[in-house]
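Visitor: Structure, please.
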Amino acid sequence: MKWGYHVNHSLKRFRQDLHQIPELGFDLFKTSAYIKEQLISFGYTSIQMAKTGWVVFRQGKLKEALLFRTDMDALPVKEQTNVAFISNHEGKMHACGHDGHMSMMLGFAKYVMEQPKPKYTIVMIFQPAEEGPGGAKVMIEEGLFDMFDIKYAFGIHLYPELEEGLYGLVDGPMMARNGEFNLVIQGKSAHAAQPHMGKDAIQVAGHLITQYHQVVSRVIDPLDQAVLTLGTIEGGEARNIIAQTVKISGTIRAFNDDVYQKIKTQMNMIDQGLSLSYGVTIKNEILDYYPAVHNDHGLYLRLLEQLHPSSYRLIKPMTFAEDFSFYQQKVPGMFVMLGTRREDLGYIHPLHSCYFNFDERVLIKGVELYQSILQMFNH
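Guide: Now for the predicted structure:
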């Protein structure tokens, strides 16, 4: 497939149709119905998984299978793009490009069905809940890898920090492991004129924030990339009352499991120290979410040989998180970014922005990459 081929029209239609019906988590009923209808029209029999997800396959000459994955869910974002095909679901938007990801997979699924029998069995999955709580893990738990002899996994993500049409490649760690935490400091209220009668949760929160912010800069090796971010804080009742309760939430990101665990350990030590020093109770619930996305070195080298040097850029690892990592815990995998940045058209806004948009013509590059991977394994 090349630029200008008739598939461009189909990809544009898929994207704009899907963009208008964004849904969240596993509750992707309209999206799921749309995907199923298209897959049936291509000649596939769809296998339902993870509530609203789909799995289809084209049997190859070998039982060994290649897995190609797209995510399906949107975000709770009020769209501000003013495009003609704007979201019909108030407060929901495909602000992370999953409408484009699904469109590329549909284009590839159509292509696969039109080709002679491939060497490897081709498995294509449409996965819900990438944005949370993690649809990949659910599909695995429901037996995806028991149904097929999957040897390798592949995925693509649109990326507005990279020039339109270029592939962004990373060898090894690509996206961070992530955890989210919800922390409660429980003190004792008192009149502001009698602070000695209370246990000031706001005072403790100030010390906690300062010490948390020093974990990465003073405890973690500077050569180990990590992030500890506090995103929300809520506390106090009135200006003349010593605050009894403060709630704080945030996120942890690291590429290395040992670094991630070290951050958690240090947070717990800080919590314990402040509890003893100020006579308060600190409860911190840390939820471990996605492992790190780690691209297989062998697949990376093979893909470099397949692609023309002008078609890709080597990019830095990112502290985003992606549940594609669960598939990579089962088999070697390769995750690739596809650039969408076009400053002349205003396609400059980051992922998860209410202004995020892209030119649908870039989606053919995703289909072409999947084709290149297929050709790589057909030799």
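Visitor: quick one, domains of the protein?
Guide: For the chain, automatic domain parsing gives the domain ranges 7-176+292-378, 177-288.
Visitor: Dump these to TSV, plus mean neighbour count and mean pLDDT.
Guide: All C-beta atoms are positioned from the backbone trio N, CA, C, and that covers glycine. Shown next, in TSV, are these (neighbours: other Cβ atoms under 10 Å; pLDDT from 0 to 100):
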stretch	mean neighbour count	mean pLDDT
domain 7-176+292-378	19	97
domain 177-288	16	97
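Visitor: Kindly check the end-to-end length of stretch 351-358 for me.
Guide: End-to-end distance for stretch 351-358, by Cα to Cα, to the nearest Å: 11 Å.
Visitor: next one: stretch 293-302
Guide: End-to-end distance for stretch 293-302: 18 Å, by Cα to Cα.
Visitor: Next: stretch 141-156.
Guide: Stretch 141-156: ends 23 Å apart by Cα to Cα.
Visitor: Stretch 153-171 too?
Guide: Terminal residues of stretch 153-171 are spaced 15 Å apart (Cα to Cα).
Visitor: Same check on stretch 139-154?
Guide: 16 Å.
Visitor: Show residues contacting that stretch.
Guide: Stretch 139-154 is contacted by residues 47, 49-50, 53, 55, 57, 63-69, 120-121, 123, 125, 127, 296, 299, 324, 326-328, 330-336, 370, 373, 377 when judged by Cβ atoms under 8 Å, 6 or more residues apart in numbering.
Visitor: Measure how far that stretch is from the centre of its chain, please.
Guide: 19 Å (Cα atoms, centre = their mean, to the nearest Å).
Visitor: and the nearest residue to Q186 once chain neighbours are set aside, backbone torsions?
Guide: Distances taken as Cβ to Cβ, 6 or more residues apart in numbering put T281 closest to Q186, at 4.3 Å, once the chain neighbours are dropped. The phi and psi values for T281, taken as degrees, to the nearest 10, are phi -110, psi 130.
Visitor: So T281 sits against D271, correct?
Guide: No: between T281 and D271 no contact is recorded; they are 9.6 Å apart, counting by Cβ atoms under 8 Å.
Visitor: so what strands line up beside the longest strand seen in the chain?
Guide: Counting residues, the longest strand found in the chain (DSSP state E) is strand 149-163. The pairing partners recorded for strand 149-163 under DSSP bridges are strand 64-71 (parallel), strand 333-341 (parallel).
Visitor: For the following helix or strand past it, name the packing helices and strands.
Guide: On the C-terminal side of strand 149-163, the closest following helix or strand by DSSP states H and E is strand 167-169. Judged by 3 or more Cβ pairs under 8 Å, 6 or more residues apart in numbering; DSSP states H and E, the packing partners of strand 167-169 are helix 297-306, strand 312-314, strand 333-341.
Visitor: nearest to C354, of these?
Guide: For the helices and strands packed on strand 167-169, the distance to C354 is smallest for strand 333-341, at 16.0 Å, taking Cβ to Cβ.
Visitor: Ignoring the adjacent residues along the chain, who's closest to M174?
Guide: Closest to M174 by Cβ to Cβ, 6+ apart is V293, at 4.5 Å.
Visitor: The one you found pairs with what?
Guide: Bridge pairing for V293 (DSSP bridges) gives the partners M175.
Visitor: Off-centre distance for stretch 168-177?
Guide: Using Cα atoms, centre = their mean, the offset of stretch 168-177 from its chain centre is 13 Å.
Visitor: again but with stretch 134-147, I slipped
Guide: How far stretch 134-147 lies from its chain's middle: 17 Å, per Cα atoms, centre = their mean.
Visitor: Between the two ends of it, what distance do you get?
Guide: Using Cα to Cα, one end of stretch 134-147 lies 20 Å from the other.
Visitor: got it, and stretch 55-69?
Guide: The first residue of stretch 55-69 is 9 Å away from its last residue (Cα to Cα).
Visitor: Let me see the contact set for the spatially most central residue of the chain.
Guide: Among the residues of the chain, the one closest to the centroid is E322, at 3.3 Å (Cα atoms, centre = their mean). By Cβ under 8 Å, 6+ apart, the contact list for E322 reads E130, H157, M175, Y290, V293, F335.
Visitor: Need the max-distance pair from these.
Guide: With Cβ to Cβ as the measure, no two of those lie farther apart than H157 and Y290, at 13.5 Å.
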